[in-house]
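>>> my questions are about this predicted structure, shown below with the sequence.
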Amino acid sequence: MISSVRSFAPAYTGPEGQEDMPWLLTPGPLTTSREVKLAMLADWGSRDIEFRGVIAEIREQLLDIAGATDGYECVPMQGSGTFAIEAALAGFCPKGRKKKTLVVSNGAYGQRAARILDRLARPVTIIDKGDSRAPTAGEVERALIADRDIRTVFVVHCETTSGIVNPIEKIAEMVKGQGRTLIVDAMSSFGALPLDMGELGIDVMVSSSNKCIEGVPGFAYVICRRDLLEASEGRYHSLVLDLYDQWQAMQKNGQFRFTPPTHALVAFHAALKAFIAEGGVEGRRERYAANRDVLVDGMRTLGFETLLPDTVAGPIIQTFLTPADAKFDFDTFYEALRARGYAIYPGKLTRTPSFRIGTIGRLDEAVMHGVVQAVREVLREMGVTSAAPAH
Ligand SMILES: Cc1ncc(COP(=O)(O)O)c(C=O)c1O
C-alpha cells in the first residue's frame, strides 16, 4: 500500500482552461483530486434512493475510520466545521452553574470553542497554553481534581493555528479515568492521524468534509456515543444545529432534515474511496509526513525556522517564523508565490509574526519540492538575503 503512496504524483487536478489555479497549501478548503471534482458533475435529488445510500455509506465508513462501530453514531451537519462544533457543544456541554466545561486551549480553535460556550451561557473554564505549547495530561488531571464541577473536557487534536499535535491519547486515558466526558475537535487531523474513539474512550469527535478525507466544503460531522446523543434531546438552542433532531430524521428516512449539500456529499463519497485505496489513515499519514519532511527540510536549507520543534509539529500544517530581513514583506511574498502556482496561508498566532504552509490535500513530494524552489526564487526576487527570524 505504502509503496503506491510514494509514487503517487498528482498532475494538475482541475478542469481544462484553469491550469493556472494554484495548489492550495492551506488546511482546507484544499486541493482535491479530479475524481472528487468529477463526482460533482451530476445533479442528485436529495430524496433519491441512491443518494440516501450515499449518505448511509458515508456515515458507516466514518464510524469505521474512527474505530467507533459499537455504541456510536455519526451525524453529518450542513455547514462548515464550526457549525458542528457549536452543535456538539450545545448538545454535550451541560447547562447549570455547577456543570462546567474545561476548554484546553493552545490556539484559535480552543479559544473559539470557549467563545461559543460563552454565547450558549454554558459555564466554561480554560487552560490557556498560548500559541505553541502542548498541554499535558497531568495539567488537565490537576484541573479536574481541583474542580469537581467540571463535567466535560474539550480539546483540539491538531491545533491548526500552529500545527501542533496535542497528546490526545494520554489526555483521553486520563479524562476517562476521571469519569468526565471528552469532546475532541479533530477537524484538521481526522483521517491523517490515528484516533480510535472506542479504544481511547473518546465520547465525541468533530471533523469536516474538506480536511484530510480530501472532500470539498459543505458539511461537517459529529461522531458521538449514542447514549449521549439520546440524552441531548431538548438541550439545543438552535433548530438547525439540533444534532438530536438531525439524527432522528436520518434514522427515520435516511435524509437530512433540510436541503443537503448534495454535490459535497457525493464528492466526499468519492474521496472516501480514494482514502481507502491509499491505505486509510496510515497511507494518508505517510504521504502527508513525506510532504512535511520535504517542505521543512527545504525551508530550513533556505534559512527559515519553524515555530515548533519536530516532536510536536505533526504532518498537517507547518508554521514558519517571518524573516527579520527588512526586505521581506509577507503580502509581496504571498502574491509572488501565488503567481507561481502556490497559495500559502498567513499566520494566525497572536504574538509571533509567522506564516503557514499546509501539507494536506491532493499534494505529494513533487509539489513540495516545487514550493521550496518557488520560495527560493521569490526571496531572491525580493532581495532578501537571510530568512532568519528576529530573536
Ligand atoms: C482544528 C480546527 N477546528 C475548527 C475549525 C473550524 O472549521 P471551519 O473553518 O470549517 O468552520 C478548523 C478550521 O480549519 C480547525 O482547523
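Received it, and whenever you're ready, just let me know what you need. Numbering: from 1, shown residues only.
>>> contacts, neighbours, all on C-alpha from now
Noted.
>>> in the helix or strand Ala336 falls within, what's buried?
For Ala336, the element it lies in under DSSP states H and E is helix 330-339. By neighbour count on 16 or more other Cα atoms under 10 Å, the buried set for helix 330-339 is 330, 333-334, 336-338.
>>> same check on stretch 230-239?
Residues of stretch 230-239 classed as buried by neighbour count (16+ other Cα under 10 Å): 232, 235-236.
>>> the ligand: which of those is nearest?
Using Cα to the nearest ligand atom, Tyr236 is the member of these that lies nearest the ligand, at 18.8 Å.
>>> helix, strand, or coil at Leu228?
Here Leu228 is recorded as helix under DSSP: H, G, I helix; E, B strand; the rest coil.
>>> find the nearest non-adjacent residue to it, please.
Of all residues beyond its chain neighbours, the one nearest Leu228 is Phe92 (7.1 Å), with distances taken as Cα to Cα, 6 or more residues apart in numbering.
>>> same check, this time on Val266
Ala39 (6.1 Å).
>>> how close does the one you found get to the ligand?
Counting by Cα to the nearest ligand atom, to the nearest Å, the separation of Ala39 from the ligand is 21 Å.
>>> for Asp364, same thing?
Computed as Cα to the nearest ligand atom, the Asp364 to the ligand distance reads 21 Å.
>>> number the chain from 4, please
From this message on, residue numbering opens at 4, which makes the last subject Asp367.
>>> what's around that residue, how many residues?
24 (other Cα atoms under 10 Å).
>>> cool, Trp47 as well?
15.
>>> tell me the contacts of it?
By Cα atoms under 8 Å, 6 or more residues apart in numbering, the contact set of Trp47 is 54, 265-266.
>>> in TSV, list those residues along with distance to the ligand and secondary structure.
Listed next are the contacts of Trp47 as TSV, based on distance: Cα to the nearest ligand atom, whole Å; DSSP: H, G, I helix; E, B strand; the rest coil:
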residue	distance to the ligand	secondary structure
Phe54	24	helix
Thr265	17	helix
His266	17	helix
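>>> format those as a markdown table; extra columns: neighbour count, distance to Val178 and pLDDT.
Listed next are the contacts of Trp47 as a markdown table, based on neighbours: other Cα atoms under 10 Å; distance: Cα to Cα, whole Å; pLDDT from 0 to 100:
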| residue | neighbour count | distance to Val178 | pLDDT |
| --- | --- | --- | --- |
| Phe54 | 18 | 39 | 97 |
| Thr265 | 20 | 37 | 98 |
| His266 | 20 | 38 | 98 |
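>>> just the mean pLDDT for stretch 62-70, thanks.
Averaged across stretch 62-70, pLDDT comes to 98.
>>> export that stretch as CSV, just CAs?
Taking C-alpha atoms only, stretch 62-70 is exported to CSV below (Å, rounded to 0.1, in the frame of the first residue of the first chain):
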residue,chain,number,x,y,z
ARG,A,62,-21.9,7.6,7.9
GLU,A,63,-20.9,3.9,8.2
GLN,A,64,-17.4,4.4,6.8
LEU,A,65,-16.7,7.4,9.1
LEU,A,66,-17.7,5.3,12.1
ASP,A,67,-15.3,2.6,10.9
ILE,A,68,-12.4,5.0,10.3
ALA,A,69,-13.0,6.4,13.8
GLY,A,70,-13.0,3.0,15.5
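>>> adjacent strands (with direction) for whatever helix or strand comes next after the helix holding Ala339?
Proceeding N to C from helix 333-342, the next assigned helix or strand is strand 345-346, under DSSP H and E. Note on strand 345-346: by DSSP bridges, its sheet partners are strand 26-27 (parallel).
>>> quick one: the strand it pairs with near the ligand?
No - among the residues of strand 26-27, none lie within reach of the ligand under Cα under 6 Å from any ligand atom; the closest is 13.4 Å away.
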